[in-house]
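**Q** Show me the folded form of this:
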Amino acid sequence: MLNMKGKINLDALGIGTSVACAIHCAALPLFLTSLPILGWDIIDNVVFEYIMIFLALIVGAISLWHGYRKHHHSLRPLGVFTAGMALLFAKQIWHSYQYWILPVAVVLIVTAHIMNFRFCRVHNHAHADDCDH
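**A** Numbers count the residues shown, from 1 in each chain. Purely as a prediction, here's the structure:
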């Protein structure tokens, strides 16, 4: 996640956070069903779910905003990311459909980070009138 200059690669961090969220959502119910016996209840814990969603939102927004402002000036990754995040919140509202909504949301969020990463590499500081550097 750190590049050669010691800076954090925000896209890698965003992808990592999205993957961690996907692992949480897929693996936790399968492998950690014994947690309630131990007194720990993070499976279907609403507070924990919202913390994970807001973490993905914050990291993703910072990453994609940086790519937009400093590199490619394309709103497409932000639009795809927004759709994915909206679906993550939707799965919390329509909990009975979460297994249909969640995979689409995760694919959209990861796709947005991949698009942002590729756009940043192609444009490599595409300067425009709105650049602040």
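
**Q** which regions of this structure lie under the pLDDT threshold?
**A** For the chain, the stretches with pLDDT under 70 are 1-7, 28-43, 123-133.

**Q** Can you point out the buried residues in whichever strand or helix holds residue 27?
**A** If you go by DSSP states H and E, residue 27 is part of helix 10-31. Residues 10, 11, 13, 14, 15, 17, 18, 21, 22, 24, 25 are the ones in helix 10-31 that count as buried (16 or more other CB atoms under 10 Å). Yep, even glycine has a C-beta here, placed from its N, CA and C like the rest.

**Q** Surely residue 62 is in contact with residue 17?
**A** No - applying CB atoms under 8 Å as the test, residue 62 and residue 17 come out as separate, 10.6 Å apart.

**Q** still on that earlier bit, can you redo the buried residues of helix 10-31 as CSV with distance to residue 99?
**A** Below are the buried residues of helix 10-31 laid out as CSV (distance: CB to CB, whole Å):
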residue, distance to residue 99
10, 30
11, 28
13, 27
14, 24
15, 23
17, 21
18, 18
21, 15
22, 13
24, 14
25, 9
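
**Q** What helices and strands are in contact with the longest helix along the chain?
**A** Looking across the chain with DSSP state H, the single longest helix is helix 98-123. If you count contacts as 3 or more CB pairs under 8 Å, 6 or more residues apart in numbering; DSSP states H and E, helix 98-123 packs onto helix 10-31, helix 46-67, helix 76-93.
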